[in-house]
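Asks: What follows is a predicted structure for the sequence shown.
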Amino acid sequence: MAIQTIKVPDIGGAEGVEVIEISVKVGDVIAENDSIVVLETDKASMEIPASVGGKVVAIKVNLGDKVSEGAALIEVEAEGAGVATSATSAEPTPAAAPAPVAAPVAATAPAAVANTAAPAASAEITLTVPDIGGAEGVEVIEISVKVGDEVAQGDSLIVLETDKASMEIPAESAGKILSIAVKVGDKISQGAAIAVIASAGGASATAPAPVAAPAAAVESAPVAAASVAATPAPAPKAAVAEEVAQTGDVYAGPAVRKLARQLGVDLGKISGSGPRSRLLKDDVRNYVKPIVVAAQSGAPMGGGSGIPRVPAVDFAKFGEIETVKMSKIKKITADNMTRNWLNVPHVTQWDDADITDLETFRNSVKAEAEKRGSKLTPLPFILKASAAALVAEPSFNVSLHHDGESIVQKKYVHIGIAVDTPNGLMVPVIRNVDKKGLWELTDEINALAKKAREGKLLPSDMQGGCFTISSLGASGGNGFTPIVNAPEVAILGVSRAQIKPVWNGKEFVPRNLLPLSLSYDHRAINGADAGRFFTYLTAVIADVRKLLL
Ligand code: CAO
């Protein structure tokens, strides 16, 4: 049987382009045009399609390799290859160079923008679909602007998608959007009107600059053409057919977008695990799988279906208002809170821990803490005591399996700390808390809180928690109901400590009491477990020497 080598095709002369994804493995049977690897330059990601179908027999590259045109990528036992030929020898037959580009555009300047006269200031300009390589009836998958928006030259107006490519169509001129002529789902071709803008000023008479594209077959890229004015073309955002489009906050290739659309998944809700947080097909699958499994098993993870929406209210009718966009973190937090609140049957239990002795001890080591540059608050003690309670009462150190039938018992003790940041609530996780001392924990809390406030936390800093502590001790309050951070099953809320009179059997004595609230998932934990956990926790906080036992 003939073994064929699929090599890097013409990629516009780009040299040393990084392999960021290998989409096949030895043994896979692939069809012609299936994506085999993804290459990425600073400007573009390119899925390289197979030029022939067949069985993958060897992978010739590794992730991170830098490749150029002609480099061998994979070897396939070609489909329908009957009799063995010399191609199976050490000198494999090169397969015809695959075209990484599915929508080639004429190797000339982009779509004509003919008018050479500079328009008057504030002219109305109709932005139209430029030359998109002759592709007809291309679907509008995103509209990135709305009427009233001020767009700068080069801002993305819409995203078009063929089977092979996503293309952002950038605004050729700056101005205010007066009307939008397309909607998501429309099928449009070159010359179709996209939007009318009031141009902020005159436009230059220069013809649009040809756009550099990595693939030779695409020496121009889509550029929105203004029917009235001609300004220099903004830089292309999509140049090759298999380009990864980064629209809004979503960084994903066309194949991933297509899969997400087929499954009805909002890509904005998924974190990408690829290089530079690029969304992969597996990210979409991993997002969908537990939802489907839960729905099929009847497990209560579904998501609040049937709950009536809060009606929209025009608040401006009642007084002055300002509408402020939520940060991405706030939106994610809102979604998580809703998901957890609706899916987890919560029980919250309150108690006060007597921290009189803990505070005496903390004050006695304050000078030492300052000397080593640490800020020792009650939190590291609570963290350490919680770890001890999780070990003593393992029913709290579990997650419900998404199969709806099992419980995952964790043998590690990683605890998340809720940190208030200017962008919203973040929960970095401190690992192996049971194995660390107070100084180490203090330093880690401070370092992670700083990282969170500077917006530098990595996704891995926030994963793997078994339990969460939400401390509002610095801001006050007697107690609150923390919401379980599923798939964890319990969370501890810490409020402000206060000196209160406590009856010791003979008299009232002043004691420093720390209000704690413990919320737990009643599917995983019953009241007796919670009683034991809480009693143990408050006892350890009251006398931290117990940590040594
Ligand atoms: N009772 C009384 N005083 C307390 C206390 C408590 N329970 N907890 C902390 N304090 C004191 C500290 O000792 C410190 O006092 P000094 O400055 O005199 O030493 C002061 O309050 C400030 O503490 P802090 O907030 O800087 O440090 P921390 O270790 O207690 O907490 C962190 C660190 C990162 C958890 C906290 O800064 C934070 O972001 N908390 C908000 C968490 C949150 O928003 N939770 C809600 C989630 S649900 O919406």
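Replies: Cool, got the structure.

Asks: Do a quick rundown of the helices in this structure.
Replies: 254-263, 281-297, 328-343, 356-364, 366-371, 379-392, 438-453, 527-542 (DSSP state H).

Asks: and these, which is most packed in?
Replies: helix 379-392 (a mean of 23; mean count of other Cβ atoms under 10 Å). C-beta here means a position set from N, CA and C on the backbone, and glycine is covered the same way.

Asks: helices or strands next to that one in the packing?
Replies: Secondary-structure packing of helix 379-392 (3 or more Cβ pairs under 8 Å, 6 or more residues apart in numbering; DSSP states H and E): strand 415-417, helix 438-453, strand 467-471, strand 490-494, helix 527-542.

Asks: Now render the ones you listed as CSV, adding distance to the ligand and mean pLDDT.
Replies: Output for those, formatted as CSV (distance: least, Cβ to the nearest ligand atom, whole Å; pLDDT from 0 to 100):
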stretch, distance to the ligand, mean pLDDT
strand 415-417, 5, 98
helix 438-453, 4, 95
strand 467-471, 4, 98
strand 490-494, 5, 98
helix 527-542, 11, 97
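
Asks: Dump those to TSV, plus distance to residue 155.
Replies: As requested, the helices and strands packed on helix 379-392 are exported to TSV (distance: least, Cβ to Cβ, whole Å):
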stretch	distance to residue 155
strand 415-417	38
helix 438-453	30
strand 467-471	39
strand 490-494	42
helix 527-542	53
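
Asks: circling back to that earlier point, can you lay out the helices of the chain as TSV showing distance to residue 29?
Replies: Shown next, in TSV, are these (distance: least, Cβ to Cβ, whole Å):
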stretch	distance to residue 29
helix 254-263	18
helix 281-297	17
helix 328-343	39
helix 356-364	64
helix 366-371	63
helix 379-392	47
helix 438-453	45
helix 527-542	51
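
Asks: what's the closest of these to residue 408?
Replies: helix 281-297 (12.9 Å; Cβ to Cβ).

Asks: CA atoms only: put the closest one into PDB for me.
Replies: Extracted C-alpha coordinates of helix 281-297, given in PDB (Å, rounded to 0.1, in the frame of the first residue of the first chain):
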ATOM      1  CA  LYS A 281     -13.000  21.100  20.100                       C
ATOM      2  CA  ASP A 282     -12.300  19.200  23.300                       C
ATOM      3  CA  ASP A 283     -13.100  22.300  25.400                       C
ATOM      4  CA  VAL A 284     -16.500  22.400  23.800                       C
ATOM      5  CA  ARG A 285     -17.000  18.600  24.200                       C
ATOM      6  CA  ASN A 286     -15.900  18.800  27.900                       C
ATOM      7  CA  TYR A 287     -18.300  21.600  28.500                       C
ATOM      8  CA  VAL A 288     -21.200  19.800  26.900                       C
ATOM      9  CA  LYS A 289     -20.600  16.300  28.200                       C
ATOM     10  CA  PRO A 290     -21.500  16.600  31.900                       C
ATOM     11  CA  ILE A 291     -24.600  18.600  30.900                       C
ATOM     12  CA  VAL A 292     -25.800  15.800  28.600                       C
ATOM     13  CA  VAL A 293     -24.800  13.100  31.100                       C
ATOM     14  CA  ALA A 294     -26.700  14.900  33.800                       C
ATOM     15  CA  ALA A 295     -29.800  15.500  31.600                       C
ATOM     16  CA  GLN A 296     -29.800  11.800  30.600                       C
ATOM     17  CA  SER A 297     -29.300  10.500  34.100                       C
END
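
Asks: how close does residue 145 get to the ligand?
Replies: From residue 145 across to the ligand, the span is 34 Å (Cβ to the nearest ligand atom, to the nearest Å).

Asks: Kindly report the same for residue 426.
Replies: According to Cβ to the nearest ligand atom, residue 426 stands 9 Å off from the ligand.

Asks: who touches that residue in this structure?
Replies: By Cβ atoms under 8 Å, 6 or more residues apart in numbering, residue 426 lies in contact with 329, 418, 419, 452, 457, 462.

Asks: same thing but 10 Å
Replies: 329, 332-333, 416-420, 448-449, 451-453, 455, 457, 461-462 (Cβ atoms under 10 Å, 6 or more residues apart in numbering).

Asks: got the residues of this protein near the ligand?
Replies: 377-379, 417-420, 425, 445, 449, 470-474, 494, 496-497, 514 (Cβ under 6 Å from any ligand atom).

Asks: one more time with 8 Å, if that's ok
Replies: 375-380, 417-421, 425, 445-446, 448-449, 452, 469-475, 480, 482-483, 493-498, 514 (Cβ under 8 Å from any ligand atom).

Asks: could you flag which of the residues you listed are buried?
Replies: Buried members of the residues of the chain next to the ligand, scored by 16 or more other Cβ atoms under 10 Å, are 376-380, 417-421, 425, 445-446, 448-449, 452, 469-473, 480, 482-483, 493-495, 497, 514.

Asks: which residues of this structure score low on pLDDT?
Replies: 1, 42-45, 79-122, 163-166, 200-249, 275-276, 294-306 (pLDDT under 70).

Asks: Report the closest residue of it relative to the ligand.
Replies: Nearest residue of the chain to the ligand: residue 473, at 2.1 Å (Cβ to the nearest ligand atom).

Asks: quick one, what contacts the nearest residue to residue 28 once chain neighbours are set aside?
Replies: Excluding the flanking residues, the one nearest residue 28 by Cβ to Cβ, 6 or more residues apart in numbering is residue 56, at 4.7 Å. Contact partners of residue 56, counting by Cβ under 10 Å, 6+ apart, are 6, 24-30, 34, 36, 50, 74-77.

Asks: Mind doing that once more with 6 Å?
Replies: Counting by Cβ atoms under 6 Å, 6 or more residues apart in numbering, residue 56 touches 24, 26, 28, 74, 76.

Asks: Check residue 333 too.
Replies: 424, 425.

Asks: Now do residue 308 against residue 253, distance only.
Replies: Distance, residue 308 to residue 253, by Cβ to Cβ, to the nearest Å: 38 Å.

Asks: Comparing these two, which residue is more hemmed in?
Replies: residue 253 (26 against 5; other Cβ atoms under 10 Å).

Asks: So for this protein, the centremost residue is which one?
Replies: residue 271 (2.4 Å; Cα atoms, centre = their mean).

Asks: Spatially nearest residue to that one, not counting backbone neighbours?
Replies: residue 459 is the one closest to residue 271 (Cβ to Cβ, 6+ apart), at 5.7 Å.

Asks: which other residues reach stretch 476-488?
Replies: 337, 340-341, 344, 348, 350, 399, 465, 467-468, 470, 491, 493, 495-496, 515, 517, 519, 521.
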